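In: Task: produce atomic coordinates for the following.
(one chain, ligands or ions: 1)
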Amino acid sequence: MQLVIRHYRHSDKDTVLSLFSAGNLEHIQPCFNNAIFSPLYITITLVCVLPDDCYWVAEAEVEGIAQIVGMVAVVGKQSGNEQYGELFRLIIAPTCRRMGLGVRLTQTVIDFCKERGFSAVVLETKSTQQAAVALYKKLGFSLVLKHTNSSVPSWMLMLARATILRMKKQL
Ligand SMILES: CC(C)(COP(=O)(O)OP(=O)(O)OC[C@H]1O[C@@H](n2cnc3c(N)ncnc32)[C@H](O)[C@@H]1OP(=O)(O)O)[C@@H](O)C(=O)NCCC(=O)NCCS
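Out: Residues are numbered from 1 along each chain as shown. Model (predicted):
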């Protein structure tokens, strides 16, 4: 597949929003499956390109037409003396999965953070996002914290038996 990873453009907005909402809808099924066997689910795209923040899309030619098939974003953050990058919004279109695109976009974020001299890349994902967790582990991220503080109401997380996983890759 001919693939280009390039910076986000404002003209990508509609495509990116529909990819993003499709990606979120997918997580309803595993959460629902957990919920129905339990004794006792949403987000927003940020577009800002400051020197330490970036937003990329993966564009591929599908049947002769350039299409956006993935995206990822990073925001530079500071904690004490430590500067790190927080990875957000990694999504690959369902038809283009298991071709290494997720690894390529995550690696783009890692390289960006290394170039800026950041000490780490951190991210949050849900325990139910097993493909994502497997990908991050493969790229050397480890679990640093499990919690349930989220924009998703805590009762929903409980019902879905989902926890938020904070993962970190030291650079
Ligand atoms: C998670 C996601 C980004 C992976 O993208 P992808 O392009 O399919 O990933 P890759 O092809 O680069 O896979 C890299 C590794 O991740 C793991 N992986 C990917 N999909 C997996 C799956 N369905 N089940 C188990 N492991 C999986 C594997 O270790 C894989 O390596 P392998 O193919 O050599 O076994 C994609 O499934 C997706 O967009 N999911 C929905 C949105 C989401 O969960 N985003 C993460 C938000 S934090």
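
In: which residue ranges form the helices in the protein?
Out: Per DSSP state H, the chain carries helices over the ranges 13-26, 28-36, 101-115, 130-138, 154-159.

In: okay, the ones you listed in TSV with mean neighbour count and distance to N81 next?
Out: Yep, even glycine has a C-beta here, placed from its N, CA and C like the rest. Shown next, in TSV, are the helices of the chain (neighbours: other CB atoms under 10 Å; distance: least, CB to CB, whole Å):
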stretch	mean neighbour count	distance to N81
helix 13-26	14	34
helix 28-36	14	38
helix 101-115	18	16
helix 130-138	15	25
helix 154-159	14	33
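
In: Tell me if stretch 160-171 is near the ligand.
Out: No - using CB under 6 Å from any ligand atom, we find that stretch 160-171 stays clear of the ligand, coming within 9.0 Å at best.

In: Spell out which parts of the chain neighbour the ligand.
Out: Near the ligand, when you scan the chain using CB under 6 Å from any ligand atom, you find 23, 26, 90-92, 97-103, 125, 129-132, 134-135, 138.

In: number of nearby residues for the spatially closest residue to A58 that is not a sequence neighbour?
Out: Nearest residue to A58 in three dimensions, chain neighbours excluded: G70, at 3.7 Å (CB to CB, 6 or more residues apart in numbering). Residues near G70, counting by other CB atoms under 10 Å, number 25.

In: Is it correct that G70 is in contact with V103?
Out: No - contact between G70 and V103 fails when scored by CB atoms under 8 Å: they sit 10.9 Å apart.

In: Give me the phi and psi for R161.
Out: When read as degrees, to the nearest 10, the backbone of R161 gives phi 50, psi 50.

In: separation between it and the ligand?
Out: Counting by CB to the nearest ligand atom, to the nearest Å, the gap from R161 to the ligand is 17 Å.

In: if I look at that residue, how far off is V57?
Out: 33 Å (CB to CB, to the nearest Å).

In: In this structure, where is pLDDT below threshold?
Out: Where the chain drops to pLDDT under 70, the residues are 23, 25, 27-50.

In: In it, which residue is most central in space?
Out: By CA atoms, centre = their mean, the mean C-alpha position of the chain lies nearest to L90, the distance being 2.7 Å.

In: Nothing else from me, thank you.
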